[in-house]
Each structure stands twice: as C-alpha cells, then as structure tokens.
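K.L.:
here is the input, now give the coordinates:
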Amino acid sequence: MENQGTTEPLPHMPVYYVDLPDALNLPPVSSGAAPPPPYTPAPKAMPMPAQPADCPPGLEYLTQIDQILVHQSVNILEIFTGWEMSNVYTVKDRMGQKVFVAIEEDNILSMQACGPARPFTIHLYDNMGKEVLTLTRPLRCTSCCFPCCLQELEVQSPPGTPIGYVVQNWHPILPKFTILNEWRNPQLKIKGPFCNCQCIPDVTFEVKSLDEHSVVGHISRQWSGIIQEVLTDANNFGISFPVDLDVKIKAVMMGACFLIDFMFFEKNKKKDD
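P.N.:
Residues are numbered from 1 along each chain as shown. All right, here's what the predicted structure looks like:
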C-alpha cells in the first residue's frame with residue numbers, strides 16, 4: 001500500500017526568460033484561419049436632450065429647434081378608390097431627421113360622410129414608438145355664417161393632459177385663430193391670407209403676438225408639385241417659431257398646422273365629383 005502522506009520531489013525544470021520587446025515582435029502563429037477583423041465601435045446614438053422643467057415627456061427635442069417640417073404621406077388606395085382614408089404625417093427637423101409620426105384614428109363613417117370637416121383624433125409618436133401628443137377636434141359646422149360653431153382643437157401631452165388649444169376666431173373674410181395655453185389664456189394669434197387658400201400654391205399663415213403688431217412665427221403650406229396636387233390631398237407644411245418659445249406652445253402651433261390642413265387644404269371629394 002502506497003504512503004499517501006509523502007510526495008516525491010519534483011525534478012528540476014529549466015527556466016527560460018524571453019526579452020519582452022522581442023516577444024512583442026514575434027510573428028503570429030498561423031492556425032490556417034483568417035485573422036479576426038479589427039474591432040470597430042458601434043456608432044453612438046444621438047443623445048436624448050435633457051428634460052427641462054415643465055416639459056412634458058417626449059417633447060424635449062422641440063426645445064432645441066426653431067423649425068419643423070410636416071409631410072403628409074400619399075395614400076395609394078385613396079387615389080384609386082376616391083375613398084377618404086386616415087391621414088398620416090411625418091414630422092421632421094430642418095435637417096430632414098424624423099422627429100414624430102402622426103397617425104389619424106380610423107373612422108370610416110365620419111370620413112366618408114363629413115370629408116375634411118370630420119371630427120378627428122391624431123396621435124403623434126416619437127422615434128421609440130411612444131405616444132407623446134394627442135390632437136382632438138370635435139365635429140363643428142364649417143360655415144362662417146355660424147360663429148357659434150367655430151373650430152377648436154385640443155392638444156394633450158401626455159395623452160389625457162391638455163397643454164393648450166387652438167380656437168378659430170370669427171371673421172367674414174380672413175382665417176383667424178387664437179392659441180391658448182392649458183388654462184385657456186390667449187398666448188398668440190394666427191392670421192391667414194385674404195383669398196381662398198386653395199387657389200395659391202404657397203400659402204403662409206402668420207403667427208403674431210396678441211396685439212398683432214409683431215410676427216413671431218409662420219405656418220406655411222408648400223407647393224407639392226402638379227401631380228400630387230391634382231391626384232391627392234397630401235400636403236407639405238413648414239412651421240417656424242422662436243427657439244426659446246415655451247415647448248407647450250410649440251406643440252400647440254404644430255396642432256394648429258393639422259387643423260389648418262383639414263380646414264383649407266383637404267379636398268372634399270363629394271364636391272369634386
């Protein structure tokens with residue numbers, strides 16, 4: 001039986017020393033496989049702006065810009081069938097980077113019965129797919145002969161929390177609106193052109209101070225080309241405002257753009273027929 005309490009001494013092993021610089025210069029040992037590609041760090045995503053005080057979540061990006069572009073998508077089914085379909089918009093910054101996507105809720109009955117005068121709810125989503133804004137317009141008469149039934153739009157952010165309103169002001173000739181804050185206090189005025197907006201290719205609505213002496217921004221409808229103008233009611237808009245304007249009022253101005261589109265630039269297909 002072996003004695004497990006004793007161990008045999010290890011034989012003397014020679015020790016070799018390698019000079020470090022020479023070791024670093026040794027050629028790599030070839031294993032027959034291709035060497036791995038060099039490490040390339042992934043591109044960094046654009047950092048989310050810090051959320052300022054009193055800024056609804058999801059609207060941080062609006063704090064850093066003074067202009068946005070609104071592009072309405074062309075619906076092929078609407079072109080071929082003539083049926084009114086839900087509007088879809090892409091909101092971009094001046095560099096063409098997508099900021100929000102706006103999607104109108106489906107309501108087939110009101111779309112076909114009321115056309116552009118229909119009530120609507122539009123949801124705006126950020127690039128992460130989170131809803132950050134909700135725009136709602138109730139059904140109102142569009143005739144200037146009924147000043148008690150003027151148009152109104154409510155802007156919510158986050159959804160369910162009103163942050164402002166766009167209210168139409170009665171005028172026999174000019175399109176006029178007032179932008180209100182969440183407490184329905186007037187903040188800005190919007191004044192449109194004298195003639196029918198559909199007869200001019202590029203149309204600008206001026207955003208003015210309450211006394212209407214100074215212009216602080218614009219909502220401009222831009223010519224989309226003869227093919228798109230004739231076959232569709234898809235429109236392009238540009239919105240400009242001071243970069244230091246309250247972010248909630250910027251969002252309400254964006255809501256005013258959608259209301260103006262429905263009131264003046266959406267085609268009534270029943271009348272066209």
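K.L.:
the helices in the stretch 51-200 of the chain, which residues?
P.N.:
76-81, 108-114 (DSSP state H, counting those that start in this stretch).
K.L.:
which non-adjacent residue is nearest residue 52?
P.N.:
Distance criterion CB to CB, 6 or more residues apart in numbering; nearest residue to residue 52, sequence neighbours excluded, is residue 63 at 5.8 Å. Yep, even glycine has a C-beta here, placed from its N, CA and C like the rest.
K.L.:
lowest average pLDDT across the helices of the stretch 51-200 of the chain?
P.N.:
Per-stretch mean pLDDT for the helices of the stretch 51-200 of the chain is lowest at helix 76-81 (a mean of 61).
K.L.:
and residue 188, how far is that from residue 174?
P.N.:
Distance, residue 188 to residue 174, by CB to CB, to the nearest Å: 16 Å.
K.L.:
of the two, who's got more company?
P.N.:
residue 188 (23 against 11; other CB atoms under 10 Å).
K.L.:
count the residues that sit near residue 220.
P.N.:
Residue 220: 17 neighbours (other CB under 10 Å).
K.L.:
quick check: it vs residue 70, distance?
P.N.:
10 Å.
K.L.:
which residues are common contacts for these two?
P.N.:
237, 238, 239 (CB atoms under 8 Å, 6 or more residues apart in numbering).
K.L.:
most surrounded residue in these?
P.N.:
residue 237 (24 neighbours).
K.L.:
so that one sits against residue 205, correct?
P.N.:
No. Judged on CB atoms under 8 Å, residue 237 makes no contact with residue 205 at a distance of 9.6 Å.
K.L.:
follow-up on the earlier one: just the shared contacts of residue 220 and residue 70 now: which is nearest residue 95?
P.N.:
Set against residue 95, the nearest of the shared contacts of residue 220 and residue 70 by CB to CB is residue 238 (13.4 Å).
K.L.:
ok, now which ones touch that closest one?
P.N.:
67, 68, 69, 70, 218, 219, 220, 222 are the contacts of residue 238 under CB under 8 Å, 6+ apart.
K.L.:
what about the strands in the chain?
P.N.:
Along the chain, the stretches classed as strands by DSSP state E are 67-72, 88-93, 98-104, 120-125, 131-137, 152-156, 162-169, 176-181, 186-191, 203-208, 215-222, 236-240.
K.L.:
just to revisit the earlier point, export the shared contacts of residue 220 and residue 70 to CSV and tack on pLDDT and distance to residue 159?
P.N.:
Shown next, in CSV, are those (pLDDT from 0 to 100; distance: CB to CB, whole Å):
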residue, pLDDT, distance to residue 159
237, 95, 23
238, 95, 26
239, 97, 21
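K.L.:
want to throw the residues you listed into JSON lines with distance to residue 131?
P.N.:
Formatted as JSON lines, the shared contacts of residue 220 and residue 70 follow (distance: CB to CB, whole Å):
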{"residue": "237", "distance to residue 131": "21"}
{"residue": "238", "distance to residue 131": "24"}
{"residue": "239", "distance to residue 131": "20"}
